[in-house]
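**Q** need a 3D model of the following:
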Amino acid sequence: MAAMLALLVASLCPPQHLPAAKFAAGEVLKYRLDALGADVGIFEVRAEPPPESEKTAVAQLSSRAKTNAFVATNIGRYEAFATALVGPDFTPLHYREDVDENEVHRGTEVHFPDQAGELPVTATKNGEPEPVKARADLGVRDMISALYVLRLLPLGQPVCMEVFAGRKVWRLSGQMAAKESIDTPLGRFDTLRFDGDAVWIDDERLKRTAHVWVSDDERRLPLVAVGEVRGKVIRAQLVSAPGVRKPKKK
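**A** Sure, this is the predicted structure:
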(Lines give C-alpha, C1' and ligand atoms only; values in the text may rest on other atoms or scores of the structure.)
Protein backbone atom coordinates (compact mmCIF):
# COMPACT_ATOMS: atom_id res chain seq x y z
CA MET A 1 0.00 0.00 0.00
CA ALA A 2 2.82 2.44 0.88
CA ALA A 3 4.46 1.82 -2.49
CA MET A 4 1.18 2.44 -4.31
CA LEU A 5 0.68 5.74 -2.45
CA ALA A 6 4.24 6.79 -3.29
CA LEU A 7 3.63 6.14 -6.98
CA LEU A 8 0.36 8.08 -6.84
CA VAL A 9 2.04 11.10 -5.22
CA ALA A 10 4.86 10.97 -7.77
CA SER A 11 2.35 11.02 -10.61
CA LEU A 12 0.66 14.09 -9.10
CA CYS A 13 3.91 15.98 -8.61
CA PRO A 14 6.59 14.50 -10.88
CA PRO A 15 10.20 15.81 -10.95
CA GLN A 16 10.47 18.81 -13.24
CA HIS A 17 13.09 20.93 -14.92
CA LEU A 18 12.42 24.35 -13.45
CA PRO A 19 13.99 27.54 -14.82
CA ALA A 20 17.21 28.60 -13.12
CA ALA A 21 16.29 31.52 -10.90
CA LYS A 22 18.03 34.83 -11.45
CA PHE A 23 18.55 37.44 -8.79
CA ALA A 24 20.33 40.75 -8.44
CA ALA A 25 22.86 40.72 -5.60
CA GLY A 26 21.94 43.50 -3.21
CA GLU A 27 18.29 43.53 -4.26
CA VAL A 28 16.01 44.64 -1.41
CA LEU A 29 12.25 44.38 -1.87
CA LYS A 30 9.97 45.95 0.76
CA TYR A 31 6.26 45.23 1.11
CA ARG A 32 3.30 46.56 3.04
CA LEU A 33 0.98 43.94 4.53
CA ASP A 34 -2.75 44.53 4.90
CA ALA A 35 -5.86 42.57 5.82
CA LEU A 36 -9.12 43.81 4.29
CA GLY A 37 -7.40 47.12 3.59
CA ALA A 38 -6.09 47.66 7.14
CA ASP A 39 -2.31 47.83 7.49
CA VAL A 40 -0.99 45.00 9.66
CA GLY A 41 2.77 45.02 9.12
CA ILE A 42 5.75 44.87 6.78
CA PHE A 43 7.60 42.21 4.82
CA GLU A 44 11.07 42.41 3.29
CA VAL A 45 13.12 40.15 1.01
CA ARG A 46 16.87 40.49 0.37
CA ALA A 47 19.40 38.82 -1.95
CA GLU A 48 23.02 39.06 -0.83
CA PRO A 49 26.38 37.33 -1.31
CA PRO A 50 26.82 34.39 1.09
CA PRO A 51 29.05 34.55 4.17
CA GLU A 52 32.71 33.83 3.36
CA SER A 53 32.55 30.67 5.46
CA GLU A 54 29.92 29.16 3.12
CA LYS A 55 32.11 27.86 0.29
CA THR A 56 29.40 25.95 -1.61
CA ALA A 57 26.76 28.71 -1.63
CA VAL A 58 26.44 31.45 -4.26
CA ALA A 59 23.76 33.54 -2.54
CA GLN A 60 22.05 34.17 0.75
CA LEU A 61 18.37 35.05 0.60
CA SER A 62 16.59 36.45 3.61
CA SER A 63 13.12 37.57 4.60
CA ARG A 64 11.64 39.47 7.53
CA ALA A 65 7.98 39.89 8.49
CA LYS A 66 6.76 42.02 11.37
CA THR A 67 3.40 43.22 12.68
CA ASN A 68 3.01 46.95 13.23
CA ALA A 69 2.66 48.57 16.66
CA PHE A 70 -1.15 48.69 16.57
CA VAL A 71 -1.52 44.99 15.78
CA ALA A 72 1.20 44.01 18.26
CA THR A 73 -0.53 45.95 21.04
CA ASN A 74 -4.17 45.06 20.34
CA ILE A 75 -4.02 41.61 18.72
CA GLY A 76 -0.59 40.07 19.18
CA ARG A 77 3.07 40.50 18.27
CA TYR A 78 4.52 38.46 15.42
CA GLU A 79 7.99 38.72 13.94
CA ALA A 80 9.80 36.24 11.70
CA PHE A 81 13.29 36.28 10.22
CA ALA A 82 14.57 33.63 7.83
CA THR A 83 17.71 33.00 5.78
CA ALA A 84 18.29 30.57 2.94
CA LEU A 85 21.57 29.55 1.30
CA VAL A 86 21.43 28.36 -2.32
CA GLY A 87 24.00 26.61 -4.51
CA PRO A 88 25.24 27.41 -8.05
CA ASP A 89 22.22 25.70 -9.68
CA PHE A 90 19.93 27.44 -7.16
CA THR A 91 19.26 24.27 -5.19
CA PRO A 92 18.61 24.95 -1.49
CA LEU A 93 21.42 24.11 0.90
CA HIS A 94 20.36 25.43 4.29
CA TYR A 95 17.37 27.23 5.79
CA ARG A 96 17.07 28.93 9.18
CA GLU A 97 13.92 30.53 10.61
CA ASP A 98 13.29 32.36 13.88
CA VAL A 99 9.75 33.31 14.86
CA ASP A 100 8.64 35.38 17.85
CA GLU A 101 4.93 35.22 18.60
CA ASN A 102 4.15 37.24 21.71
CA GLU A 103 6.42 35.67 24.36
CA VAL A 104 7.13 32.43 22.48
CA HIS A 105 10.28 32.04 20.37
CA ARG A 106 10.59 29.17 17.90
CA GLY A 107 13.73 28.36 15.95
CA THR A 108 13.88 25.99 12.97
CA GLU A 109 16.90 24.85 10.97
CA VAL A 110 17.05 22.55 7.94
CA HIS A 111 20.02 21.16 5.99
CA PHE A 112 18.58 19.95 2.70
CA PRO A 113 19.62 16.38 1.83
CA ASP A 114 20.44 15.06 -1.64
CA GLN A 115 17.83 12.32 -1.43
CA ALA A 116 14.16 11.88 -0.63
CA GLY A 117 13.05 10.92 2.86
CA GLU A 118 13.11 12.41 6.33
CA LEU A 119 14.19 16.05 6.42
CA PRO A 120 16.89 16.78 9.02
CA VAL A 121 15.00 19.44 10.99
CA THR A 122 16.33 20.92 14.23
CA ALA A 123 13.62 22.83 16.11
CA THR A 124 13.37 24.63 19.44
CA LYS A 125 10.71 26.38 21.53
CA ASN A 126 12.04 29.00 23.93
CA GLY A 127 15.45 27.38 23.66
CA GLU A 128 14.26 23.84 24.42
CA PRO A 129 14.26 21.07 21.76
CA GLU A 130 10.93 20.57 20.06
CA PRO A 131 10.25 17.47 17.91
CA VAL A 132 9.42 18.19 14.26
CA LYS A 133 9.08 15.43 11.68
CA ALA A 134 8.79 16.12 7.96
CA ARG A 135 9.30 13.95 4.90
CA ALA A 136 9.94 15.28 1.43
CA ASP A 137 10.88 14.29 -2.08
CA LEU A 138 14.19 15.11 -3.69
CA GLY A 139 13.98 18.72 -4.85
CA VAL A 140 12.14 20.13 -1.83
CA ARG A 141 13.08 23.74 -1.21
CA ASP A 142 12.51 26.50 1.30
CA MET A 143 9.82 29.13 0.87
CA ILE A 144 12.22 32.02 0.09
CA SER A 145 14.02 30.35 -2.82
CA ALA A 146 10.64 29.07 -4.07
CA LEU A 147 9.57 32.70 -4.56
CA TYR A 148 12.61 33.32 -6.79
CA VAL A 149 11.78 30.25 -8.88
CA LEU A 150 8.19 31.46 -9.39
CA ARG A 151 9.51 34.79 -10.68
CA LEU A 152 10.82 33.10 -13.84
CA LEU A 153 7.98 30.78 -14.80
CA PRO A 154 6.83 31.23 -18.42
CA LEU A 155 3.18 32.01 -19.04
CA GLY A 156 1.08 28.84 -19.02
CA GLN A 157 3.79 26.49 -17.72
CA PRO A 158 2.52 24.35 -14.84
CA VAL A 159 4.76 23.94 -11.81
CA CYS A 160 4.67 21.45 -8.97
CA MET A 161 7.20 21.38 -6.16
CA GLU A 162 7.46 20.66 -2.47
CA VAL A 163 8.16 23.61 -0.18
CA PHE A 164 9.18 23.58 3.49
CA ALA A 165 7.32 26.38 5.33
CA GLY A 166 5.88 26.74 8.82
CA ARG A 167 7.55 23.48 9.91
CA LYS A 168 5.52 21.58 7.31
CA VAL A 169 6.17 20.32 3.79
CA TRP A 170 3.63 21.62 1.29
CA ARG A 171 3.00 20.53 -2.28
CA LEU A 172 2.75 23.73 -4.29
CA SER A 173 1.13 23.49 -7.72
CA GLY A 174 -0.03 26.15 -10.15
CA GLN A 175 0.98 28.20 -13.15
CA MET A 176 1.39 31.67 -14.56
CA ALA A 177 -2.22 31.83 -15.63
CA ALA A 178 -2.79 35.23 -17.24
CA LYS A 179 -1.46 38.61 -18.27
CA GLU A 180 -3.02 41.54 -16.44
CA SER A 181 -2.46 45.25 -15.98
CA ILE A 182 -2.78 46.26 -12.32
CA ASP A 183 -2.40 49.33 -10.12
CA THR A 184 0.10 49.15 -7.27
CA PRO A 185 1.58 51.61 -4.76
CA LEU A 186 4.47 51.98 -7.24
CA GLY A 187 2.24 52.70 -10.22
CA ARG A 188 0.52 50.70 -12.95
CA PHE A 189 2.30 47.59 -14.27
CA ASP A 190 1.79 44.96 -16.93
CA THR A 191 1.99 41.70 -15.01
CA LEU A 192 1.82 37.93 -15.10
CA ARG A 193 -0.48 36.36 -12.50
CA PHE A 194 0.48 33.12 -10.76
CA ASP A 195 -2.42 31.07 -9.39
CA GLY A 196 -1.39 28.33 -7.00
CA ASP A 197 -2.56 25.92 -4.32
CA ALA A 198 -0.46 24.56 -1.46
CA VAL A 199 -1.51 21.31 0.21
CA TRP A 200 0.09 19.86 3.34
CA ILE A 201 1.46 16.52 2.22
CA ASP A 202 0.58 14.87 5.55
CA ASP A 203 -3.08 15.91 5.40
CA GLU A 204 -4.53 17.17 2.12
CA ARG A 205 -7.50 18.67 3.96
CA LEU A 206 -5.15 21.51 4.93
CA LYS A 207 -4.99 23.63 1.80
CA ARG A 208 -4.01 27.21 1.03
CA THR A 209 -4.61 29.24 -2.14
CA ALA A 210 -2.35 32.07 -3.26
CA HIS A 211 -2.04 34.52 -6.14
CA VAL A 212 1.13 36.40 -7.05
CA TRP A 213 1.51 39.15 -9.65
CA VAL A 214 5.01 39.71 -11.09
CA SER A 215 6.05 42.46 -13.49
CA ASP A 216 5.96 41.34 -17.12
CA ASP A 217 9.55 42.35 -17.90
CA GLU A 218 13.04 40.97 -17.41
CA ARG A 219 13.11 41.90 -13.71
CA ARG A 220 9.97 39.91 -12.84
CA LEU A 221 9.45 41.87 -9.66
CA PRO A 222 6.88 40.31 -7.30
CA LEU A 223 4.46 43.24 -7.05
CA VAL A 224 1.45 41.86 -5.19
CA ALA A 225 0.69 38.61 -3.39
CA VAL A 226 -2.61 37.53 -1.83
CA GLY A 227 -2.99 34.47 0.33
CA GLU A 228 -4.33 33.02 3.56
CA VAL A 229 -2.19 33.33 6.69
CA ARG A 230 -3.47 31.99 10.02
CA GLY A 231 -7.04 32.05 8.82
CA LYS A 232 -6.91 35.60 7.45
CA VAL A 233 -6.52 36.80 3.87
CA ILE A 234 -3.34 38.90 3.75
CA ARG A 235 -2.16 41.06 0.86
CA ALA A 236 1.47 42.07 0.35
CA GLN A 237 2.15 45.06 -1.92
CA LEU A 238 5.59 46.14 -3.07
CA VAL A 239 6.36 49.67 -1.87
CA SER A 240 10.12 49.87 -2.47
CA ALA A 241 12.53 48.24 -4.93
CA PRO A 242 15.88 49.26 -6.48
CA GLY A 243 15.35 51.44 -9.54
CA VAL A 244 11.58 51.81 -9.04
CA ARG A 245 10.11 55.11 -7.90
CA LYS A 246 6.63 55.88 -6.65
CA PRO A 247 4.56 57.96 -9.10
CA LYS A 248 4.21 61.63 -8.24
CA LYS A 249 0.87 62.67 -6.80
CA LYS A 250 -1.14 64.89 -9.13
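**Q** quick check: longest strand in this structure by residues?
**A** When the chain is parsed with DSSP state E, its longest strand is strand 168-184.
**Q** quick one: strands adjacent to the helix or strand following that one?
**A** Once the chain leaves strand 168-184, the next helix or strand it forms, by DSSP states H and E, is strand 187-200. Here strand 187-200 has these sheet partners by DSSP bridges: strand 168-184 (antiparallel), strand 207-215 (antiparallel).
**Q** quick one: closest of these to Ser145.
**A** In terms of CB to CB, the element of those nearest to Ser145 is strand 168-184, at 12.2 Å. C-beta: built from backbone N, CA, C; applies to glycine.
**Q** residues of that closest one that come out buried?
**A** The neighbour-count check on strand 168-184 (16 or more other CB atoms under 10 Å) flags Val169, Trp170, Arg171, Leu172, Ser173, Gly174, Gln175, Met176, Thr184 as buried.
**Q** go ahead and confirm the fourth one touches Trp200.
**A** No - checked against CB atoms under 8 Å, the pair Leu172 and Trp200 is beyond contact range at 11.0 Å.
**Q** from Asp216, how far off is the most centrally placed residue in the chain?
**A** Centroid-nearest residue in the chain, with CA atoms, centre = their mean: Met143, separated by 3.3 Å. Met143 sits 24 Å away from Asp216, going by CB to CB, to the nearest Å.
**Q** and what of Asn126?
**A** For Asn126, the distance to Asp216 equals 45 Å [CB to CB].
**Q** who has more neighbours out of these two?
**A** Relative neighbour count places Asp216 above the other of Asn126 and Asp216, with 18 against 10, counting by other CB atoms under 10 Å.
**Q** ok, now which ones touch Arg77?
**A** Neighbour list for Arg77: Thr67, Val71, Asp100, Glu101, Asn102 [criterion: CB atoms under 8 Å, 6 or more residues apart in numbering].
**Q** switch to 6 Å and redo it
**A** Neighbour list for Arg77: Thr67, Asn102 [criterion: CB atoms under 6 Å, 6 or more residues apart in numbering].
**Q** before we move on, the earlier item: Val163 is in contact with the residue nearest to the centre of the chain, correct?
**A** Yes - if you go by CB atoms under 6 Å, Met143 and Val163 touch, sitting 5.5 Å apart.
**Q** run a quick neighbour tally on Val233.
**A** Neighbour count of Val233, defined by other CB under 10 Å: 12.
**Q** helix/strand/coil for it?
**A** strand (DSSP: H, G, I helix; E, B strand; the rest coil).
**Q** cool, and Asp114?
**A** Strictly by three-state DSSP, Asp114 counts as coil.
**Q** could you measure it against Val40, distance?
**A** Per CB to CB, Asp114 is found 39 Å from Val40.
**Q** pick out whichever of those two has more residues nearby.
**A** Val40 (21 against 6).
**Q** now do the helices in the protein.
**A** Secondary structure of the chain by DSSP state H: the helices cover 2-12, 69-74, 143-150.
**Q** by mean pLDDT, show me the worst of these.
**A** Here the lowest mean pLDDT among these goes to helix 2-12, at a mean of 38.
**Q** how about the backbone phi and psi for the nearest residue in space to Pro88 that is not next to it in sequence?
**A** Distances taken as CB to CB, 6 or more residues apart in numbering put Val58 closest to Pro88, at 5.2 Å, once the chain neighbours are dropped. Per-residue torsions, Val58: phi -110, psi -10 (degrees, to the nearest 10).
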